[in-house]
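*Asks:* Sequence and predicted structure below; questions after.
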Amino acid sequence: MNPVTRVKALSTAALAAALLAGITAPAASAHPQHSASRSAQRIPFTSATVTENAGGTYTVTWSAPGTHGVTIRTGGRTVARGGATGSVTVSGLAAADRRWFDLVPDRGTPLHLADRLIRLQGTVNFRDAGGYRTRDGRWVRMGEVYRSDALDKLTDADLDKLKRLGVRTVFDLRMESERATAPDRVPAGAAHVVADVLAGTGTFASMPKSPAEAEAMMVEGNRFMVSGGTARTAYTAVLDGIADDDRRGVLFHCTAGKDRTGWSSAALLTALGVPEETVMADYLASNTYRAAANEAVLSHLPAQQAAVYKPLLDVRPAYLNASFDEVEEEYGSFRTYLRKGLGLDQQDLKELKRDLLVG
C-alpha cells in the first residue's frame, strides 16, 4: 500500500484544525566525563532530574543503584551530597542563562543536568529534547537539540540567550500561512529552514462541531504526520539536520510546539532507544507547559465552544498512539519507518546514536 493511501481522504479541515489548534516535565541528563575504562564509563543513574523552582532554587533528584553516594556540583563547587537515591533543594545560586549540575557518583560516570524547560519571555513550551535514559542504560545528551512553540514573540533578550545557548539551525514545521502571519525570529547567525509538514494541503474551511469530532481530527492528523508525503519530507529534513554535526544545536518548532513538534521529538527519541513510556511522558508534558496559555483561550469561549475546542489544545495519549499505530500499519516496524519513510538507514542510525547518546 502506498504510504499516503490511508490518509488521502483526510480533509484539509481536519489537518489544520488538528495541527494548528495551539493559538514540570522530567528533566535530566547529558554529557559524561570520559574515561579510558568501559566499566568506568557506565552511567549508574536510572533516573535524574533538575527542576528550577520559583525564587531561583533548584531541586535535584536522582537514583543510582549500586553506588554508595552522589555529590552534587554546580559552577565548580560542591553544593550537596547524598546517598544512592536522594533529593536536595539548592539555593543561593547566581543567575545564569541555564543552570547546570553535575551529579557525580562514587563509582561510574557523572551526569551533566539542567532543567529541561528553557525560560524565555516569548515562549511557553521551549525545552530541551534530550535528557532521557534509553532502554540500554545510555542517556540522550542535553544542550544539543531543542523543541518549541512559535518564535515570533521572542524578545531581543531571548534571541541573545538562544545564541549563547548555541542554537544554530531552526527548523520551522509550520504552513506558509502561519509563517506569513507570525514570522520566526531566530538568533543572529542561525540558519532558518522551512520543513513544512502540511505543505500544499491548504487551510481549513470548517471547525469540528463536537468534542468527539475534534478528537477524531487530532487522531487523523497524527496519522498524517507519519504517512503523509509532505510530513515525511519535513521530518526527513529535521532528522538529517540533527545528524549533521555542523548544524547542531538544532531547534524544531511549530505553532503550539505540541503536535508537529511532538511527533518530531517522539520519532527522534524512539530512534535513539528511549522507552515508549518515557516518549509518551515527554509528549504529554506540553499539557503542563501550555496549561496557562490554553486556559486563557478556553476561558474566553462559551462553555459549549470551549468543550469542542479543548481537544484541539490538548495532547492526549490517543493522539500519539495514533502515530505509532500508523507506523505499524504502514511500515510494520519503527525501524522500517525510519528507513523507508524517512530515509534513515542502519548506518545513519548508528551515527546518530554515537553523536547523541552518552554512556
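*Replies:* Sure, I can see it.
*Asks:* pLDDT at Asp244, what is it?
*Replies:* pLDDT for Asp244: 84.
*Asks:* To clarify, my last question referred to Arg248.
*Replies:* Confidence at Arg248, expressed as pLDDT, is 70.
*Asks:* and Arg290, how many residues sit next to it?
*Replies:* Arg290 has 21 neighbouring residues, counting by other Cβ atoms under 10 Å. All C-beta atoms are positioned from the backbone trio N, CA, C, and that covers glycine.
*Asks:* got a list of what the spatially most distant residue from the centre of the chain touches?
*Replies:* Residue farthest from the centre of the chain, counting by Cα atoms, centre = their mean, is His68 at 33.0 Å. Applying Cβ atoms under 8 Å, 6 or more residues apart in numbering, we find His68 in contact with Gly83, Ala84, Asp106, Arg107.
*Asks:* what's the neighbour count on the second one?
*Replies:* Burial measure for Ala84: 17 neighbouring residues, criterion other Cβ under 10 Å.
*Asks:* Not counting its neighbours along the chain, what's nearest it?
*Replies:* Nearest non-adjacent residue to Ala84, counting by Cβ to Cβ, 6 or more residues apart in numbering: Thr67, 4.8 Å away.
*Asks:* Identify the residues contacting the one you found.
*Replies:* Neighbours of Thr67 in contact, by Cβ under 8 Å, 6+ apart: Pro44, Ala84, Pro105, Asp106, Arg107, Gly108.
*Asks:* which of those residues count as buried?
*Replies:* Pro44, Ala84, Pro105, Gly108 (16 or more other Cβ atoms under 10 Å).
*Asks:* hang on, the earlier thing: how close does the residue farthest from the centre of the chain sit to Asp102?
*Replies:* 18 Å (Cβ to Cβ, to the nearest Å).
*Asks:* next one: Gln121
*Replies:* For Gln121, the distance to Asp102 - Cβ to Cβ - is 29 Å.
*Asks:* With neighbour numbers in mind, choose between these two.
*Replies:* Applying other Cβ under 10 Å to Gln121 and Asp102 shows that Asp102 carries more neighbours, namely 20 against 11.
*Asks:* beta partners of that one?
*Replies:* Residues in a beta bridge with Asp102, per DSSP bridges, are Arg73, His112.
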